[in-house]
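**Student:** Give me the fold of what follows.
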Amino acid sequence: MKKAKPRAGAEPLQDDEILRAALIDVTPLPPANRARLIRPLPRPIAVQRQLDEREVLRDTLSDTPAWDQGLENGEELLFLRNGISAQHLKKLRRGHWVIQDHLDLHGLTAPEARLLTAEFLAHCVREGLRCVRIVHGKGLRSPNREPVLKKKVAGWLAQRDEVLAYCQAPHNDGGGGAVLVLLRAA
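**Tutor:** Numbers count the residues shown, from 1 in each chain. Presented below is the predicted three-dimensional model:
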């Protein structure tokens, strides 16, 4: 753009005056024929809350189950929270609910599995999931070929208020090496 020469005896032109003078013959574009979309904002991630929940879960989930349901002799895992209809457990065993997510604990130590299980359940609650599968393994590579995580997972799940029921998974979903968990609806 050319710089305007100041007129003799007049004040020099300002930049905005020069721009207006240069654009005097310009015709504005017609308004676009488009709808203005209002996009919902993504849900915020409460990082501190997640950290607090992780710490609380680590502290509250003990390694010793508060109950014993004959797991030493290899019986099937079953749990039904007080006040919940036995129909819920029956439906869970028959595959009434679709498995919405799963967690595989193979190869983890008990402390690692405990933390991962707590984080997984917190994630499921946040996402509003209803039915999930946790694969704890059959213990074939454990000392004495005993399912260590199976007992621990059973105890951890029973301690969680959002767990309504759980049962051993059907053969095609992991059988004795996995458990189906029914969570409280959001």
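
**Student:** And Ala110, how close does it get to Glu119?
**Tutor:** Distance, Ala110 to Glu119, using Cβ to Cβ, to the nearest Å: 15 Å. Every residue, glycine included, has its C-beta placed from N, CA and C.

**Student:** correction: Arg49
**Tutor:** Taking Cβ to Cβ as the measure, Arg49 falls 13 Å from Glu119.

**Student:** Over to His106?
**Tutor:** As judged by Cβ to Cβ, His106 and Glu119 stand 17 Å apart.

**Student:** More neighbours: these two, which one.
**Tutor:** Comparing His106 with Glu119 by other Cβ atoms under 10 Å, the one with more neighbours is Glu119, at 16 against 12.

**Student:** quick one: contacts for the residue lying closest to the more buried one once chain neighbours are set aside?
**Tutor:** The shortest distance from Glu119 to any residue other than its chain neighbours is 6.3 Å, reached at Arg54 (Cβ to Cβ, 6 or more residues apart in numbering). Listed by Cβ atoms under 8 Å, 6 or more residues apart in numbering, the contact set of Arg54 reads 115, 118-119, 122.

**Student:** for the residue nearest the centre of the chain, helix, strand, or coil?
**Tutor:** For the chain, the residue nearest the mean C-alpha position is His123 (3.0 Å; Cα atoms, centre = their mean). Of the three states, His123 takes helix under DSSP: H, G, I helix; E, B strand; the rest coil.

**Student:** Can you read off the pLDDT for it?
**Tutor:** With respect to pLDDT, His123 scores 93.

**Student:** Name all residues that make contact with it.
**Tutor:** By Cβ under 8 Å, 6+ apart, the contact set of His123 is Asp101.

**Student:** how far away is it from Leu115?
**Tutor:** Applying Cβ to Cβ, the value for His123 to Leu115 is 13 Å.

**Student:** The closest residue to Pro147 other than its chain neighbours and Pro28, how far apart?
**Tutor:** Once flanking residues are discounted, Pro147 sits nearest to Gly139: 3.2 Å by Cβ to Cβ, 6+ apart. Per Cβ to Cβ, Gly139 is found 75 Å from Pro28.

**Student:** Who has more neighbours out of those two?
**Tutor:** Higher neighbour count among Gly139 and Pro28: Gly139, with 18 against 6, using other Cβ under 10 Å.

**Student:** so after the helix or strand of the chain with the lowest mean pLDDT, what's the next helix or strand?
**Tutor:** Every helix and strand in the chain was compared by mean pLDDT, DSSP states H and E; the lowest is helix 47-60, with a mean of 75. Sequence-wise, the next helix or strand downstream of helix 47-60 (DSSP states H and E) is strand 78-80.
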